[in-house]
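Participant: using only what follows, build the 3D model:
(one chain, ligands or ions: 1)
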Amino acid sequence: MKACFMGLGYIGLPTAIIAAKEGNVDIVGVDINPSVVEKTNAGRLHIIEPGMEEMLQEVIASGRLHASLTPEVSDAYFIVVPTPFKGDHEPDVSYVESATRAVIPLLKEGDLYVIESTSPVGTTEQMAQLIFVERPELEGKIYIAYCPERVLPGNVIYELVHNDRVIGGINEESTHKAQEFYSRFVKGTLHPTNARTAEMCKLTENSSRDVQIAFANELSLICDKAGINVWDLINLANKHPRVNILQPGCGVGGHCIAVDPYFITAAFPAESKMIATAREVNNYKALWCAEKVKNAMLEFELKNKRQPTVALMGLAFKPDIDDLRESPAKQIVSRVMQSNSNADILVVEPNVETHNVFKLTDYQEAYDRADIVVFLVAHKPFKQLQWDDNKVILDFCGIFKK
Ligand code: SAJ
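Facilitator: Numbering: from 1, shown residues only. Sure thing, here's the model as predicted:
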């Protein structure tokens, strides 16, 4: 069995490695970036994922996996490329389309073609059309399916194998064929459905989380006005046997939860009111936090007749990771710094050594020196700090919650 993975990113590369190691599949991993191909062939991981580099070296050494700039004739093809935005949050499937076009000439009877990239509803059917326009003789003779991943960065080795997966073919035979492939290395249950439902399922999972976080963030705004501690409130409400409210924060970041809901709102604007509002609430939360910090700085200056020293604690998009992409904390730090370039602002991110824009300060030193301390991300080390009545503390992520 030979499989061709189009895209060696955060999902494509780990999946290719695990399929090679656990699934007894010979794999060619394809990427348009020559440095990714070169590094991968040299056994060096270009993404951050604990334990994955050792596995890569093993499958490179055994000859099970190699990387290439161009696809090779295989029995199965996997499209695992990004689906970014174009214009005003419109999903851009052009990478999926060009990866598909690249494999069309290689397809033969009996082959499997799977899209894993997060995609708007209907993409798999659209790509099937594209394939059959170019290769009409293959209609009914190849298998086409959609199979999204749902792994948590940092825990990919475990989750790629143990998570359940949803697999939706353009017909039942395609679903079965894709199930057969994934059962080579997935121990979780492989749930069969159709392609459109599988596409919507991925978008639904992340939109559901976004809506739930928006609810918590909305509560935090209400509680701030009402003089109620939102963490106590949520803790108490969650004592109800059927209530489970998530935690407010300084906004929603990352590449999935803050992105995927737009794939629904762009296609179904009239129907997706709640999903769209959740996006607005979560985006607004970061702006609100930045305003709170700026106001606290002004108040301090008026009261003390000097500029405050401000510690901004955390840059990552969520706790205990070093991933700063699409991070609301980073957005808040930039806004605060732009608003007052003279203030003494200490930026803290314990999971990162250096940053090309922000000069980083040790968290304890920043906490000790600051007049105003702003907790943006609930990193574990911050939870060791002691509350200090002499400081103005803005705790947006529940560091000091009971
Ligand atoms: N957040 C809150 N409050 C919470 C939980 C999260 O404000 O109670 C914030 C985080 O700080 C972060 C954002 O939401 O900024 C997203 O964090 P996350 O942990 O919910 O999600 P990701 O982006 O790390 O990974 C998610 C995972 N999905 C879910 O947990 C539903 C993962 O399983 C998916 O595979 C991944 O998205 C993806 O690729 O779609």
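
Participant: please export the C-alpha coordinates of stretch 209-227 as CSV.
Facilitator: Extracted C-alpha coordinates of stretch 209-227, given in CSV (Å, rounded to 0.1, in the frame of the first residue of the first chain):
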residue,chain,number,x,y,z
ARG,A,209,-16.8,25.5,21.3
ASP,A,210,-16.7,29.1,20.1
VAL,A,211,-20.4,29.7,21.0
GLN,A,212,-19.8,28.2,24.5
ILE,A,213,-16.7,30.3,25.1
ALA,A,214,-18.7,33.4,23.9
PHE,A,215,-21.3,32.7,26.5
ALA,A,216,-18.6,32.6,29.2
ASN,A,217,-17.0,35.8,27.8
GLU,A,218,-20.4,37.6,27.7
LEU,A,219,-21.0,36.6,31.3
SER,A,220,-17.6,38.1,32.2
LEU,A,221,-18.7,41.5,30.7
ILE,A,222,-22.0,41.4,32.5
CYS,A,223,-20.3,40.4,35.8
ASP,A,224,-17.8,43.2,35.5
LYS,A,225,-20.6,45.7,35.3
ALA,A,226,-22.6,44.0,38.0
GLY,A,227,-19.7,43.8,40.5
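
Participant: sec struct for Tyr113, please.
Facilitator: strand (DSSP: H, G, I helix; E, B strand; the rest coil).

Participant: if Gly168 is in a bridge, with which residues?
Facilitator: When bridges are taken as DSSP bridges, the partners of Gly168 come out as Tyr146, Thr193.

Participant: ok, it touching Met200?
Facilitator: No. With contact defined as C-beta atoms under 8 Å, Gly168 does not reach Met200; the gap is 9.2 Å. Where C-beta positions appear, they are placed from N, C-alpha and C, glycine not excepted.

Participant: do a quick rundown of the strands in the stretch 151-300 of the chain.
Facilitator: 165-169, 190-194 (DSSP state E, counting those that start in this stretch).

Participant: residues of the protein that sit close to the ligand?
Facilitator: Taking C-beta under 6 Å from any ligand atom, the part of the chain that reaches the ligand is made up of 150-153, 205-206, 209, 213, 246-247, 249, 252-254, 256-257, 317-318.

Participant: in TSV, list the strands of the stretch 151-300 of the chain along with mean pLDDT.
Facilitator: Output for these, formatted as TSV (pLDDT from 0 to 100):
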stretch	mean pLDDT
strand 165-169	98
strand 190-194	98
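
Participant: redo those as JSON lines? Include mean neighbour count.
Facilitator: Shown next, in JSON lines, are these (neighbours: other C-beta atoms under 10 Å):
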{"stretch": "strand 165-169", "mean neighbour count": "24"}
{"stretch": "strand 190-194", "mean neighbour count": "18"}
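
Participant: got CSV for those strands, with distance to Glu54 too?
Facilitator: Below are the strands of the stretch 151-300 of the chain laid out as CSV (distance: least, C-beta to C-beta, whole Å):
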stretch, distance to Glu54
strand 165-169, 24
strand 190-194, 27
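
Participant: wait, which of these is closest to Lys330?
Facilitator: Each of those has some distance to Lys330 by C-beta to C-beta; the shortest is strand 165-169, at 32.1 Å.

Participant: distance from the chain centre to the closest one, please.
Facilitator: Counting by C-alpha atoms, centre = their mean, to the nearest Å, strand 165-169 is centred 20 Å from the centre of its parent chain.

Participant: please export the C-alpha coordinates of it as PDB.
Facilitator: Output of strand 165-169 as PDB, limited to C-alpha atoms (Å, rounded to 0.1, in the frame of the first residue of the first chain):
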ATOM      1  CA  ARG A 165     -13.100  10.000  13.500                       C
ATOM      2  CA  VAL A 166     -16.000  10.800  11.200                       C
ATOM      3  CA  ILE A 167     -15.700   9.600   7.700                       C
ATOM      4  CA  GLY A 168     -18.000  10.700   4.900                       C
ATOM      5  CA  GLY A 169     -17.700   9.300   1.400                       C
END
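
Participant: angle of that strand against strand 190-194?
Facilitator: 30 degrees (axes from the mean of the first three to the mean of the last three C-alpha atoms, to 10 degrees).

Participant: what packs against strand 165-169?
Facilitator: strand 143-146, helix 172-182, strand 190-194, helix 195-226 (3 or more C-beta pairs under 8 Å, 6 or more residues apart in numbering; DSSP states H and E).

Participant: quick one, that strand and helix 172-182 angle?
Facilitator: Going by the same axes, to 10 degrees, strand 165-169 makes 140 degrees with helix 172-182.

Participant: show residues contacting strand 165-169.
Facilitator: 124, 143-150, 175-179, 182, 186, 188-199, 201-202 (C-beta atoms under 8 Å, 6 or more residues apart in numbering).

Participant: now do the contacts for Ile11.
Facilitator: Under the criterion of C-beta under 8 Å, 6+ apart, the contact list for Ile11 reads 80, 116, 149, 151.

Participant: go again with 6 Å.
Facilitator: 80, 149 (C-beta atoms under 6 Å, 6 or more residues apart in numbering).

Participant: what does Glu301 give?
Facilitator: Glu301 sits next to Gln307 when contact means C-beta under 6 Å, 6+ apart.

Participant: narrow the contacts of strand 165-169 to those that are buried.
Facilitator: Neighbour counting by 16 or more other C-beta atoms under 10 Å classes 124, 143-150, 175, 177-179, 182, 186, 190, 192-196, 198-199, 201-202 among those as buried.

Participant: go ahead and confirm Asp260 touches Cys201.
Facilitator: No. Assessed by C-beta atoms under 6 Å, Asp260 is found out of contact with Cys201, at 11.0 Å.

Participant: now the strand or helix carrying Ala19, how far from the centre of its chain.
Facilitator: Assigning secondary structure by DSSP states H and E places Ala19 in helix 12-22. Relative to its chain's centre, helix 12-22 lies at 19 Å (C-alpha atoms, centre = their mean).

Participant: for it, give me every contacting residue.
Facilitator: 5, 25, 27, 29, 52, 55-56, 59, 64-65, 80, 156, 160, 185.

Participant: many thanks, we can stop here.
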